[in-house]
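# A structural model of the following input is requested.
(2 chains)
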Amino acid sequence: MQDPRIRIFVIIVLSVAAFISIAGAALAFLYWICLPGRFQCIKRPAAVLFLSMIIVVSVITEVTTGNGLSYFIRMTVILLLALYAYTAYVPGEFFRVSVWLFGPRGFDPGLIAEMSMDALNDLEDDSSKIRIALRQKEVPLGFHTLVPVIGMFVLNQIRRAHDQADLLTVRGYRNGGTLCPRFHPEILDYVSGIVAICMLFIAILPVRDVFILLH
Amino acid sequence: MTLTFEEVSYQRDQFRFTANGIFEEGVHLVSGLVGSGKSTLAFIASGLVPPGAGSVHRTGIRKSLLSMQFPEYHTTGITLNDEIRSWGLDPEAILASTRLFARGEQDVNVLSRGELKRLHLGCVLSADADLLILDEPFSALDCREKRVICRRITERGYGTVIICTHEQTWLPPVDSIWEMKEGTLVSCGRVPAAIPRWSLAPRHIRDLLERGLMPGNISPESVMEVACRTRE
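Residues are numbered from 1 along each chain as shown, chains lettered A, B, ... in the order given. Predicted structure coming up:
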């Protein structure tokens, strides 16, 4: 999908569909299977971390209130969609989409979104470098190393935020700005959007009703 | 002891890295512009990142160590003493060699980046590794510290040291020069024959070459020696 507006819209619609019902999750999963670069996005270390969290919460849900399996399936599909959205993201997209959506008022939220994505990228980069350092020292990640490692993450983020603030000040930024976003949607983008909306409707309608309608 | 890159390639987004060559025992300079692929070479050479294609062979290399550009990434100790011990080294000796006397119980985070880099390089250069890969070892250091690091690399006297840097002045005497050109590793050969082939040679060396003067090596001392030589 070339057009970020349609890609973000599709991700939101499919996430809602997956959250609403198992049928929606199954359809969203089918959609995800057809996306280019789908398997690249699950190779990220963050995927394992988030999947582990979903498993833990699902087990707790199953033990306490039931429906843990349903929760696991729905949240895993949402995670896959989120990972795809993160991998497919091109710097500047949120900025452009925000200004297109909200006009001049969208400038600051777009800027914040871009900075947040930068911070996420930096965190991912930092974590891979730290893993290398630990491996070289043959030191396992434990309680003793956790404090300096987390400290490094926090300090690095503060340093970068400080540098970014300096940069914005030097460039004369106070608030707002001008941006003229341009998009080049293709036919396939529109088709993808329509298919996602159809999937959301099927997820909202109980499956039984769909078969009644078909009859 | 050799490190061989055999038809190695690595792709990341639009960037493509390719390398072919043999790093023998001694000190190697890998020179290149920012973004040319020096860090990628360092990671692949250390064995921490597998190449996309081709292979990296290590002969006689028992232990390798990569020093990343930013010393913060290597920090796993709370105090300076903890950090030095995490490298399996004696804190007293390292604090003395890096001139951070009596600061062993201080928090690592109170050090400036330059001080942290000094401490980090002090540990790395004292570690028992026969393949040492230094990615931008001179960044965040002042001229005096750069000179100290050059001296320590020279004094090491064993194993293979690969220095990936865009530093132009403070360099130790090296055995071979390599260049990274838009993601491709190019060998200039052994020093001193490599010096005229070094396209990214610093201005002061190119000036000497244009005047028909050939330095014996690339260190400031070697360059000074030939620049100040009186004609007989």
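# Residue A:1 and chain B, how far apart?
18 Å (Cβ to the nearest Cβ, to the nearest Å). All C-beta atoms are positioned from the backbone trio N, CA, C, and that covers glycine.
# I'd like to know the phi and psi angles of the residue lying closest to residue B:154 once chain neighbours are set aside, please.
Excluding its sequence neighbours, the residue lying closest to residue B:154 (Cβ to Cβ, 6 or more residues apart in numbering or on different chains) is residue B:172, at 5.1 Å. The phi/psi pair for residue B:172 (degrees, to the nearest 10) reads phi -80, psi 170.
# Enumerate every residue touching the nearest residue to residue A:114 once chain neighbours are set aside.
Nearest residue to residue A:114, sequence neighbours excluded (Cβ to Cβ, 6+ apart): residue A:95, at 5.0 Å. Applying Cβ atoms under 8 Å, 6 or more residues apart in numbering or on different chains to residue A:95 gives the contacts A:107, A:110-111, A:113-114, A:179, A:181.
# So which bits of the host helix or strand of residue A:95 are buried?
Here residue A:95 sits within helix A:93-102, counting by DSSP states H and E. Within helix A:93-102, the residues scored as buried using 16 or more other Cβ atoms under 10 Å in any protein chain shown are A:93-100.
# Then stretch B:178-193?
So, applying 16+ other Cβ under 10 Å, buried residues of stretch B:178-193: B:178-180, B:183-188, B:191.
# Spell out whether the helix or strand where residue B:20 lies and chain A are in contact.
Counting by DSSP H and E, the element that carries residue B:20 is strand B:15-24. No: Strand B:15-24 is not in contact with chain A by Cβ under 8 Å from any Cβ of the partner chain; minimum separation 14.9 Å.
# How about stretch B:159-167?
No: Stretch B:159-167 is not in contact with chain A by Cβ under 8 Å from any Cβ; minimum separation 15.2 Å.
# Give me the neighbour count for residue 78.
Unless you meant another one, I'm taking chain A. Close neighbours of residue A:78, defined as other Cβ atoms under 10 Å in any protein chain shown, add up to 21.
# The chain in question should be chain B.
Residue B:78: 18 surrounding residues under other Cβ under 10 Å.
# and the residue nearest to it when sequence neighbours are not counted, what does it touch?
Counting by Cβ to Cβ, 6+ apart, residue B:78 lies nearest to residue A:148, which is 5.4 Å off, once chain neighbours are set aside. Residues near residue A:148 by Cβ under 8 Å, 6+ apart: B:75-78, B:82, B:108.
# for residue A:74, same thing?
Counted by Cβ under 8 Å, 6+ apart, residue A:74 has contacts A:18-19, A:21-22, A:24-25.
# do that again at 7 Å, thanks
A:18-19, A:22, A:25 (Cβ atoms under 7 Å, 6 or more residues apart in numbering or on different chains).
# go on, residue B:52?
By Cβ under 7 Å, 6+ apart, the contact set of residue B:52 is B:9-11.
# Many thanks, we can stop here.
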